[in-house]
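Chemist: Mind folding the following:
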Amino acid sequence: MLSLRLARGSHPLVLLRRSLVAVAAAGASFLLLTALGFAASHPADPDGALARLLWCVVPLAATVQLAMSVARADPSTRPGAGFAAAGLGPARLALLAGV
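Modeler: Model prediction:
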């Protein structure tokens with residue numbers, strides 16, 4: 001229900017960025033699944049499986065970086081004025097999320 005509410009009131013450019021993150025996550029997941037499939041089908045070759053898994057690290061890190069930058073630029077994720085009045089500004093919310 002939340003995703004429908006976010007998609008209904010969003011700007012098309014925001015939806016495009018969110019769908020780009022979904023496509024990047026699907027690509028990174030596909031790479032991880034193929035590495036797992038190779039490791040399962042070739043149990044005698046652990047070096048090859050490790051090499052394929054290491055190839056997945058860069059796309060996975062790029063996907064995480066893209067998701068973080070899209071989340072920072074999303075206008076619907078900014079805290080409202082009520083949070084700042086209650087003492088939960090952007091810095092305090094980041095600290096609370098980190099804890």
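Chemist: pLDDT weak spots in the chain?
Modeler: 1-7, 9, 76-81, 83-85, 87, 89-91, 93-99 (pLDDT under 70).
Chemist: For it, just list every one of the strands.
Modeler: In the chain, no strands are found when defined by DSSP state E.
Chemist: Leaving aside the residues adjacent along the chain, what's closest to the spatially most central residue of it?
Modeler: Centroid-nearest residue in the chain, with Cα atoms, centre = their mean: A67, separated by 4.0 Å. Excluding its sequence neighbours, the residue lying closest to A67 (Cβ to Cβ, 6 or more residues apart in numbering) is V21, at 5.0 Å. From N, CA and C alone the C-beta is placed, and that goes for glycine too.
Chemist: ok now do the one you found, which residues does it touch?
Modeler: With contacts defined as Cβ atoms under 8 Å, 6 or more residues apart in numbering, the neighbours of V21 are T63, L66, A67, V70.
Chemist: And A35, how close does it get to R72?
Modeler: According to Cβ to Cβ, to the nearest Å, A35 and R72 sit 30 Å apart.
Chemist: Which one of these two is surrounded by more residues?
Modeler: A35 (19 against 9; other Cβ atoms under 10 Å).
Chemist: Just give the closest residue to that one, not the sequence neighbours.
Modeler: Nearest to A35 is R52, by Cβ to Cβ, 6+ apart, at 4.2 Å.
Chemist: you'd agree the one you found is up against S41?
Modeler: No. Using Cβ atoms under 8 Å as the test, R52 is too far from S41 to be in contact (11.4 Å).
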